[in-house]
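**Q** Got a sequence here, can you build the structure:
(chains A, B, C and D)
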There are 2 protein chains.
Amino acid sequence: MRRLHRAPALDAAAIERAVEHLNQTVREHGLKTSSVRNAVARAALRHQGHFSVDDLVRDVREGGLADAHPATVYRVLPLLVEAGLLQVTLMSARDGARYERAFEREHHDHLICTSCGKVVEFQFEAIELLQLDVAKKFGFHLTSHFHELLGTCKECRSSSGAAAAGR
Amino acid sequence: MRRLHRAPALDAAAIERAVEHLNQTVREHGLKTSSVRNAVARAALRHQGHFSVDDLVRDVREGGLADAHPATVYRVLPLLVEAGLLQVTLMSARDGARYERAFEREHHDHLICTSCGKVVEFQFEAIELLQLDVAKKFGFHLTSHFHELLGTCKECRSSSGAAAAGR
DNA sequence: CTTCCTGCAAAGGCTTTGCAAAGCT
DNA sequence: AGCTTTGCAAAGCCTTTGCAGGAAG
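**A** As a prediction, the model looks like this:
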């Protein structure tokens, strides 16, 4: 089992590789490429960590190269996911979808502190294998999974006297 | 690893035990007991399987004993969860919260067919233990988790020629 | 020039909240 | 009585959708 190093930011070349990959998917669908969509993709790929749709809208604007309306971002996101650039994550957040980069990145799951919101990404091959056993036993072909461990981190527990009572 | 038998319906005595437990929690919070809340609790406990807030509102009404406004059900649900009668489930459903009975019921996780919606409940002690290892390694104290495996079931794959193309 | 994409505004669906009336202790 | 709970309606959020103008091929 290991903790994932914070995902390093993609360099410019990798981002362009991802955009090219996206546009290939776009063509395969008989759609047209678009500079706005590519700007959204670049902003999303530049983002480190988890982000909300709003975050992404802001990032695109701050990127300065283009502006994307929220509705457009909502329309573009499913395609970025299908192309493998992003993936939906942090399912337990009940206040809007969260995404994170999936392109050129290892699979991982999350450990979330319900007190301070800290998120630790971990990778545990043994669990992945056992999941396959479960799927096999019940005749399922797995396409994805969500596994989130919720609890309190060491810091929150030690500063608990007052902090824990407050929450 | 084992598949969970469909959760047997709670008998009348168990339901009353649960309601009594709920009211004890209510008193501990310095709140007042209420017949509407108890009616919601009974309807929820009578429900087999997973249900939405709307389902529950309907169940209460069809129970005939009382009527609960949706807003009231939304207000009551967190208390039923805190008292351990229910738990939030099927986090990957992005169209509204789902609940299921937790009172006098074993822990389990879900295998979900993304094609037909079938949900299989399984229990796998080995995975549970490995989760504890993860928590320990990162200094977390786990309070809950959810683990959902998404894929396609055998039936959907075999009737795939046409069906899979449609979805 | 035909088809797709985008921005805008409006609508949708789930959930929360303010308030006055009703319920519990 | 005094505080909680409830119903109702309105508001809040996130997300989706219809439409007209603009971009892409």
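**Q** Show me what from chain A comes close to DNA strand C.
**A** Applying C-beta under 7 Å from any atom of the strand, we find that chain A lies next to DNA strand C at A:26, A:30-32, A:34-37, A:66-69, A:71-72, A:75-76. C-beta coordinates here come from the backbone N, C-alpha and C atoms, glycine included.
**Q** May I see the ChimeraX selection of the buried members of the residues you listed?
**A** Remark: buried members of the residues of chain A next to DNA strand C, expressed as a ChimeraX selection using 16 or more other C-beta atoms under 10 Å in any protein chain shown:
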select /A:26,36,37,66,68,72,76
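**Q** least confident pick among the residues of chain A next to DNA strand C?
**A** Sorting the residues of chain A next to DNA strand C by pLDDT puts residue A:66 at the bottom of the list (84).
**Q** Quick check, that residue in contact with residue A:36.
**A** Yes. The criterion here is C-beta atoms under 8 Å, and residue A:66 meets it with residue A:36 at 5.6 Å.
**Q** could you measure residue A:156 against residue B:150, distance?
**A** Per C-beta to C-beta, to the nearest Å, residue A:156 is found 31 Å from residue B:150.
**Q** So which of these two has more stuff around it?
**A** Between residue A:156 and residue B:150, counted using other C-beta atoms under 10 Å in any protein chain shown, residue A:156 has the larger neighbour count: 20 against 17.
**Q** now that one, what's its secondary structure?
**A** Of the three states, residue A:156 takes helix under DSSP: H, G, I helix; E, B strand; the rest coil.
**Q** so it sits right up against residue A:113, yeah?
**A** Yes. At 5.9 Å, residue A:156 counts as touching residue A:113 under the criterion of C-beta under 8 Å.
**Q** Could I get the phi/psi values of residue A:150?
**A** Main-chain dihedrals, residue A:150, degrees, to the nearest 10: phi -110, psi 140.
**Q** The residues of chain A next to DNA strand C in helices, which ones?
**A** A:26, A:35, A:36, A:37, A:71, A:72, A:75, A:76 (DSSP state H).
**Q** Nearest to chain B among the residues you listed?
**A** Within those, distances to chain B taken as C-beta to the nearest C-beta reach their minimum at residue A:75, with 16.1 Å.
**Q** Below-threshold pLDDT in chain A: ranges please.
**A** A:160-167 (pLDDT under 70).
**Q** just the residues of chain A that are near chain B, which are they?
**A** A:1, A:3, A:91-92, A:94, A:97, A:111, A:113-114, A:120, A:122, A:124, A:126-127, A:130-131, A:133-135, A:137-154, A:157 (C-beta under 8 Å from any C-beta of the partner chain).
**Q** Just those: which are in strands?
**A** Among those, DSSP state E puts A:3, A:111, A:113, A:120, A:122, A:141-152 in strands.
**Q** Would you list the buried entries among those?
**A** A:111, A:113, A:120, A:122, A:142, A:145-152.
**Q** Nearest the geometric middle of chain A, what residue?
**A** residue A:100 (1.8 Å; C-alpha atoms, centre = their mean).
**Q** Could you report the separation of the closest residue to residue A:109 other than its chain neighbours from residue B:28?
**A** Spatially, and ignoring its direct neighbours in sequence, residue A:109 is nearest to residue A:147 (4.2 Å; C-beta to C-beta, 6 or more residues apart in numbering or on different chains). Computed as C-beta to C-beta, the residue A:147 to residue B:28 distance reads 33 Å.
**Q** Residue A:32 now?
**A** For residue A:32 relative to residue B:28 (C-beta to C-beta), the value is 61 Å.
**Q** got it, and residue A:43?
**A** Counting by C-beta to C-beta, the gap from residue A:43 to residue B:28 is 49 Å.
**Q** which of the buried ones among the ones in strands among the residues of chain A next to chain B lies closest to residue B:83?
**A** Nearest to residue B:83 among these, counting by C-beta to C-beta, is residue A:150 at 18.7 Å.
**Q** which residues does the closest one contact?
**A** By C-beta atoms under 8 Å, 6 or more residues apart in numbering or on different chains, the residues touching residue A:150 are A:92, A:112, A:114, B:142, B:143, B:144, B:145, B:146.
**Q** likewise residue A:40?
**A** Taking C-beta under 8 Å, 6+ apart, one finds A:56, A:60, A:68, A:72, A:73, A:76, A:77, A:80 in contact with residue A:40.
**Q** before we move on, the earlier item: shouldn't the residue nearest to the centre of chain A be within a helix?
**A** No. Looking at residue A:100 with three-state DSSP, it is strand, so not inside a helix.
**Q** That one bridge partners, please.
**A** Residue A:100 has these beta-bridge partners by DSSP bridges: residue A:87.
**Q** I'd say it and residue A:50 touch.
**A** Yes. Residue A:100 is in contact with residue A:50 according to C-beta under 8 Å; the separation is 4.9 Å.
**Q** how about stretch A:83-101 against DNA strand D, any contact?
**A** Yes. Legend: contact between stretch A:83-101 and DNA strand D by C-beta under 7 Å from any atom of the strand is shown at A:95, A:96, A:97.
**Q** how much distance is there from that stretch to the middle of the chain?
**A** Chain-centre distance of stretch A:83-101: 5 Å, with C-alpha atoms, centre = their mean, to the nearest Å.
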